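Engineer: Starting from these lines, generate the structure:
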Amino acid sequence: MKKILKIGVGALVGVSLAVGVTTLYQKRKDRNIRRLLTLAKQHFMFDDILTSWIMTDPILFQIHEGGIIRSDGTVVTFEIDGDSLRIVETFGEEKKVDIADDYS
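Structural biologist: Presented below is the predicted three-dimensional model:
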């Protein structure tokens, strides 16, 4: 009976530890992604940013893809290095996105 109790407690501790480590890893990853997006916004210094995004999965090592949509509909896409915290490449294509004036 004691052996079954020890195995049960050990399994419970193991599962709890795995959940805790996974949660800490995800929080750290989310914080790093938020930091990269903040740095990208500061790099471009647009006053009229409508929305911005960054991909959570890197395309190559620590290089993430992202983009910014300005209020005039211009889309600027970029790649940012997570290690050096620098914009690696910028694609300032003059793509226009339809932006509805009425959101109803």
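Engineer: Leu12 versus Arg70, what's the distance?
Structural biologist: 52 Å (C-beta to C-beta, to the nearest Å). Glycine gets a C-beta too; all of them are placed from N, C-alpha and C.
Engineer: Can you list the residue ranges for strands in this protein?
Structural biologist: 49-54, 63-70, 74-81, 86-96 (DSSP state E).
Engineer: among the ones you listed, which is nearest Lys6?
Structural biologist: Nearest to Lys6, of all these, is strand 63-70, at 45.0 Å by C-beta to C-beta.
Engineer: quick check: angle from that closest one to strand 74-81?
Structural biologist: Strand 63-70 runs at 160 degrees relative to strand 74-81, counting by axes from the mean of the first three to the mean of the last three C-alpha atoms, to 10 degrees.
Engineer: what residues does strand 63-70 touch?
Structural biologist: Contact with strand 63-70 is made by 33, 36-37, 40-41, 44, 46, 48-59, 75-82, 88, 97, as judged by C-beta atoms under 8 Å, 6 or more residues apart in numbering.
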